[in-house]
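1. Return atomic coordinates for the entry below.
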Amino acid sequence: MQSPSLPQPSEPYDTIIIGAGMSGLAAGIRLAHYDQKVCILEKHWTIGGLNSFYRLNGRNYDVGLHAMTNYTAKGTKKGPLARLLKQLRFRWEDFQLAEQCGSRIAFPGVHLDFDNDIRLLQTEIESKFPAQKDAFQKLLGQLVDYDDLRQEDFQLSTRKILNEIFSDPLLVEMLLCPLMWYGNAREHDMDWGQFCIMFRSIFLEGFARPFKGVRLILKHLVRRYRELGGELRLRSGIAKICVENDSAVGVELEDGTQLRAKRILSSAGIVETMRLCEDRSVVEVATAGEMTFIESISVLDRQPRDIGFDKTIVFYNDSDTFHWTKPDSELCDVRTGVICSPNNYDYAPDDGQLEAGLMRLTTIADFGRWSALSDDEYRRAKYRWYDESVASAVRFIPDFRRNVIDSDVFTPKTIRRFTSHDNGAVYGAPVKQLDGTTRLKNLFLCGTDQGFVGIVGAIVSGISMANQHCLRDMAS
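-> Numbering: from 1, shown residues only. Have a look, this model is predicted:
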């Protein structure tokens with residue numbers, strides 16, 4: 001039975017947006033540009049979701065940001081970065097992006113270096129896998145023709161397609177490693193559509209980072225949104241989405257406040273969003289993802305280059321088969337991981353260098369096992385798996401352990417708290433809803449479960465869904 005209708009304020013919101021992460025903020029800016037009455041609701045005391053920041057022991061830490069993908073140089077007219085700058089009316093200089101110094105895919109006995117110029121990766125493949133040179137060119141040709149929004153092609157098996165293109169299985173595993181690490185919600189395999197998106201964003205465009213980290217991006221997004229008259233409510237968790245006649249008519253907050261809206265745009269995830277709907281006839285159309293991580297941040301007493309680490313990011317795996325599944329029997333699986341140094345970007349001379357040397361290490365984890373720990377077990381586990389993951393990583397990079405002067409670790413429980421994703425799933429549900437629609441005619445998705453991941457991808461998702469679902473019917 002449906003609840004009574006919500007009270008009718010004189011002016012309901014045009015759009016309520018759930019979540020003040022990158023996609024929600026971007027959607028809010030886009031709608032506020034067109035004078036929509038918009039309210040962004042965020043359950044936490046801070047913005048950004050997983051891509052946020054905090055201060056501990058007198059130091060600033062980014063959460064989630066290794067790199068911004070989809071980098072393109074100033075003046076570039078095409079690509080996701082150019083699109084978001086144009087749609088949100090930012091200047092290229094506003095994000096103060098510095099390019100990566102160079103990254104690596106490291107497997108036992110072989111590595112592939114790459115940077116923001118695809119020619120380096122091509123040269124590396126020609127050198128390490130000479131028989132695969134033509135196959136790699138064939139892959140590049142297929143990527144150019146792929147349409148991101150063709151749902152029927154999106155869920156094809158990437159492993160099947162790559163194994164038809166390449167005759168060397170090791171190269172297939174090495175190409176999958178960074179792309180799965182930076183944007184794959186499925187275990188074992190990867191949707192072909194997601195592979196194409198991630199390949200372009202990492203290998204054909206590339207990595208960059210603002211000198212001041214993610215806080216600079218968030219500051220610009222929030223300031224622009226508020227300048228345009230958008231309303232942002234923190235500490236405003238949603239108890240339910242109110243439904244009447246197959247439409248979402250508003251929300252009820254955890255404190256009992258009721259808000260009406262013509263439409264709702266949610267970045268909370270498909271499973272999490274549909275669970276909020278009071279209309280129980282709406283069936284959850286996806287299962288929650290399982291891929292989640294622990295991440296440690298190590299503060300060094302010197303710059304990483306001074307101990308021989310000059311790469312921006314290293315994706316490593318300790319066998320010829322890439323391991324992409326939640327751990328079978330442990331809290332973490334340290335056979336594969338990602339290590340990144342925010343110091344190793346080509347910052348402008350006026351920026352200088354980050355004061356502290358930083359190393360960020362990410363390892364696959366199991367949400368259920370971490371959540372079952374007592375407080376004391378949880379604290380001990382953080383220490384143990386910090387040591388285990390670093391010991392695994394230093395097989396592929398210079399050993400930095402003697403230079404560590406401080407560290408911090410966040411776990412799947414942290415990710416769950418700040419994203420609300422079931423299982424702390426960083427990339428959301430395995431099945432994406434590319435058009436952003438749900439069973440309710442005016443409830444839409446943006447962000448991870450719509451299909452675009454990463455900072456730029458999330459921002460573009462917010463823009464795209466706002467354009468497609470919240471601006472087209474303005475005249476109605």
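2. Have a look at this protein and report its longest helix.
-> The helix spanning the most residues in the chain, taking DSSP state H as the definition, is helix 375-393.
3. what residue ranges in the stretch 201-350 of the chain score low on pLDDT?
-> Within the stretch 201-350 of the chain, the ranges that satisfy pLDDT under 70 run 279-286.
4. go again using 90 as the cut-off
-> 211-216, 245-246, 269, 271, 278-289, 323, 348-350 (pLDDT under 90).
5. Also the stretch 51-200 of the chain?
-> Judged against pLDDT under 90, the low-scoring parts of the stretch 51-200 of the chain cover residues 51-68, 77-79, 95-96, 142-156, 193.
6. hang on, the earlier thing: in the longest helix of the chain, which residues have enough neighbours to count as buried?
-> 381, 382, 385, 386, 388, 389, 390, 392, 393 (16 or more other C-beta atoms under 10 Å). To be clear about C-beta, it is placed using only N, CA and C from the backbone, and glycine gets the same treatment.
7. now for that helix, which elements pack on it?
-> Counting contacts by 3 or more C-beta pairs under 8 Å, 6 or more residues apart in numbering; DSSP states H and E, helix 375-393 packs against strand 292-300, strand 332-340, strand 357-365, strand 404-410.
8. now with 6 Å?
-> In terms of contacts (3 or more C-beta pairs under 6 Å, 6 or more residues apart in numbering; DSSP states H and E), helix 375-393 is packed against strand 332-340, strand 357-365.
9. now those as JSON lines including mean neighbour count and distance to residue 400?
-> Supplementary listing: those in JSON lines, determined by neighbours: other C-beta atoms under 10 Å; distance: least, C-beta to C-beta, whole Å:
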{"stretch": "strand 332-340", "mean neighbour count": "23", "distance to residue 400": "9"}
{"stretch": "strand 357-365", "mean neighbour count": "24", "distance to residue 400": "6"}
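10. Let me know which of those is the nearest to residue 214.
-> Each of the helices and strands packed on helix 375-393 has some distance to residue 214 by C-beta to C-beta; the shortest is strand 357-365, at 12.4 Å.
11. Measure how that closest one sits relative to strand 332-340, angle-wise.
-> Taking axes from the mean of the first three to the mean of the last three C-alpha atoms, to 10 degrees, one finds that strand 357-365 is oriented at 150 degrees with respect to strand 332-340.
12. Let me see the residues that make contact with strand 357-365.
-> When contacts are defined by C-beta atoms under 6 Å, 6 or more residues apart in numbering, strand 357-365 is touched by residues 292-298, 300, 302-304, 332-334, 337-343, 389, 393, 400, 412.
13. still on that earlier bit, pull the distance from the longest helix of the chain to the chain's centre.
-> If you compare the mean C-alpha spot of helix 375-393 with that of the full chain, they lie 24 Å apart, counting by C-alpha atoms, centre = their mean, to the nearest Å.
14. in stretch 156-165, what counts as buried?
-> Going by neighbour count (16+ other C-beta under 10 Å), the buried part of stretch 156-165 is 158, 159, 161, 162.
15. The first one against residue 190, yeah?
-> When you say that, I think you mean residue 158. Yes. Between residue 158 and residue 190 there is a contact under C-beta atoms under 6 Å: 4.2 Å.
16. Looking at the residue lying closest to residue 47 once chain neighbours are set aside now. What's its pLDDT?
-> Once its chain neighbours are removed from consideration, residue 47 has its nearest residue in residue 20; the separation is 4.3 Å (C-beta to C-beta, 6 or more residues apart in numbering). pLDDT for residue 20: 93.
17. Surely residue 20 is in a strand?
-> No. Residue assignment for residue 20, taken from DSSP: H, G, I helix; E, B strand; the rest coil, gives coil, which places it outside any strand.
18. list the contacts for it?
-> With C-beta under 6 Å, 6+ apart, residue 20 has these contacts: 40, 42, 47.
19. In contact with the second one, which residues?
-> For residue 42, the contacting residues are 20, 234, taking C-beta under 6 Å, 6+ apart as the criterion.
20. count of neighbours near residue 327?
-> Taking other C-beta atoms under 10 Å as the criterion, the count of residues near residue 327 is 16.
21. contacting residues for it?
-> Contacts for residue 327 (C-beta under 6 Å, 6+ apart) come out as 333, 366.
22. what about it, which SS state?
-> Three-state secondary structure (criterion: three-state DSSP) places residue 327 in coil.
23. circling back: kindly reformat the helices and strands packed on helix 375-393 as CSV and extend each row with distance to residue 232.
-> As requested, those are exported to CSV (distance: least, C-beta to C-beta, whole Å):
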stretch, distance to residue 232
strand 332-340, 30
strand 357-365, 28
